[in-house]
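**Q** model this:
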Amino acid sequence: MTTPKTPQKSSGSRSWLRRHWPGWTKVAAMVTAAGTLGATLTAAVALWFTAQSLRATNNQYALSEQVAVTDRFRLAAEQLASDRINVRISGIYLMERLAKDSTADHATVFSVLEAFVRTQTGAAGCDDSEARPDSAVEPPADIQTALTVIGRRDAARDGDHRVDLSRTCLNGATLTGARLAGADLTGVRLIGATLGHVDLTGAKLSGTRFAFADLTEANFGNDDLTGTDLHRATLTGARLAGANLTGVHLTSTKLNDADLVGAKLTGALLTGADLTDVKYDDGTEWPDGFAPPPR
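**A** Model (predicted):
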């Protein structure tokens, strides 16, 4: 008995369909498109899962970083509160490093350091009688360290933050080249301090005492210095163009080479002041009856 042969599909039938059924082309295209779409969807899903994984990893990293910053800040704050001066100094440097590493914490760090200075050096207990150029009066080492760190900070990161050292006793302090533009120095005692090349543009200086201080080439801009004590201070080469020095105590002050163009000095006390090579113009206002040096 002969076994019937199973009909075999041949490529000829597909050829016949291509020739006689117009829909074949569409079916073939759909099959191809389906395959392409499937591959595309698979790739898209893989990319989505990869992105989610990366996002989760990044979030975990950011969380770890924040925890590390918090731990560093807590350690620095604890050291600032220590009763040992060397530990407090270590805390100040930890704060500085934190501000450099974390822009987001810059303002907070310096607010803490400024508060540390204010609480430790209140002007109420300041003995101005001891502050003279030939005296050894100077701030404690931890306060001087904090001032140095504040003065050399990256001011470009300050944002809306303004240094606040108001009503502090900083007699004999060293703030050479300090970045104090816009700072609140209201009522600060800086008698005999070293402030050469300091930037004080826009600073609040009402009641600030700079007697005997070295302010060589300090930049005051057009600050309002009314109520400021500058007697016997060194202001050689200082930039005071447009500044308001009305009624300011400038007795025996060194103003040689200072820029007083457009400055207002009506009522200022200039007895014994050194005005050698001082720069001024017709807009400079002098005290009544005062004869400025020839230009």
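**Q** When you work out contacts or count neighbours from here on, use the C-alpha atoms and nothing else.
**A** OK.
**Q** Could you find the closest non-adjacent residue to residue 190?
**A** With sequence-adjacent residues excluded and distances taken as C-alpha to C-alpha, 6 or more residues apart in numbering, residue 190 is closest to residue 171, at 4.4 Å.
**Q** Please name the residues that touch residue 269.
**A** Residues counted as contacts of residue 269 (C-alpha atoms under 8 Å, 6 or more residues apart in numbering) are 247-251, 287.
**Q** buried set for stretch 284-295?
**A** Of the residues in stretch 284-295, those scored as buried under the neighbour-count criterion (16 or more other C-alpha atoms under 10 Å) are 284-287.
**Q** How far does that stretch stretch from one end to the other?
**A** End-to-end distance of stretch 284-295: 12 Å, with C-alpha to C-alpha, to the nearest Å as the criterion.
**Q** who's in contact with that stretch?
**A** For stretch 284-295, the external contacting residues (C-alpha under 8 Å, 6+ apart) are 260-269, 275-280.
**Q** Please apply the same query to stretch 70-82.
**A** With C-alpha under 8 Å, 6+ apart as the contact definition, stretch 70-82 has outside contacts at 87-92, 94-95, 98, 116.
**Q** ok, now with 6 Å
**A** Here stretch 70-82 makes contact (C-alpha atoms under 6 Å, 6 or more residues apart in numbering) with 87-88, 91, 94-95.
**Q** can you check stretch 176-191 too?
**A** Contacts of stretch 176-191 with the rest of the structure, by C-alpha under 6 Å, 6+ apart, involve 131, 151-152, 162-171, 195-213.
**Q** Correct me if wrong: residue 243 contacts residue 222.
**A** Yes: counting by C-alpha atoms under 6 Å, residue 243 touches residue 222, with 3.9 Å between them.
**Q** still on that earlier bit, next step: the contacts of stretch 70-82 restricted to helices.
**A** Using DSSP state H to define helices, the subset of the contacts of stretch 70-82 located there is 87-88, 91, 94-95.
**Q** could these go into TSV alongside pLDDT, neighbour count and distance to residue 295?
**A** Formatted as TSV, the ones in helices among the contacts of stretch 70-82 follow (pLDDT from 0 to 100; neighbours: other C-alpha atoms under 10 Å; distance: C-alpha to C-alpha, whole Å):
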residue	pLDDT	neighbour count	distance to residue 295
87	96	16	55
88	96	23	52
91	95	26	52
94	95	20	52
95	93	29	50
